[in-house]
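Asks: Have a look at this fold, sequence not included:
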């Protein structure tokens with residue numbers, strides 16, 4: 001199957017936890033999240049622009065940290081205009097960005113970016129709450 005997220009061709013790293021039935025690769029997580037991402041999980045500053053056609057809009061950091069929970073590795077961020085970071089995952093030699101589709105045809109640079117830490121991102125309570133909501137919805141969708 002072909003996916004639209006950046007890095008899908010090599011995103012075959014295995015899950016390091018067996019908490020979610022059916023989530024074995026990042027592509028499996030992407031498929032599960034396409035039914036979960038919603039305006040409530042979107043960053044508040046982008047919520048008015050969120051649509052079913054652009055489900056990944058405003059979902060990057062909470063998705064990347066959830067992917068880190070499941071696959072390990074690190075989260076990196078591409079500095080965007082306005083000072084925000086667009087987050088993606090690096091696990092060993094594998095890099096993937098489950099929410100890259102929100103940028104359409106824009107080319108993002110996935111090299112030389114700074115590592116991102118959940119302690120910093122989740123210092124914003126609204127972001128931590130969105131992450132917890134996304135995680136809870138995944139757990140409800142794919143019980144142990």
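Replies: Perfect, thanks for sending it. Computed from a predicted structure; not experimentally measured.
Asks: Quick one: the helices in the protein, in order.
Replies: With DSSP state H as the criterion, the chain has helices at 26-33, 60-71, 118-121, 125-141.
Asks: list the helices and strands the third one packs on?
Replies: Helices and strands touching helix 118-121, as assessed by 3 or more CB pairs under 8 Å, 6 or more residues apart in numbering; DSSP states H and E, comprise helix 60-71. In this view, the C-beta of every residue, glycine as well, is placed from N, C-alpha and C.
Asks: What separation do you get for residue 80 and residue 59?
Replies: Distance, residue 80 to residue 59, by CB to CB, to the nearest Å: 14 Å.
Asks: And residue 92, by the same measure?
Replies: Distance, residue 92 to residue 59, by CB to CB: 24 Å.
Asks: shaky segments in this structure?
Replies: Low-confidence segments of the chain, defined by pLDDT under 70, span residues 1, 143-144.
Asks: Tell me which residue lies nearest the centroid of it.
Replies: What sits nearest the mean C-alpha location of the chain, by CA atoms, centre = their mean, is residue 63, with 2.6 Å.
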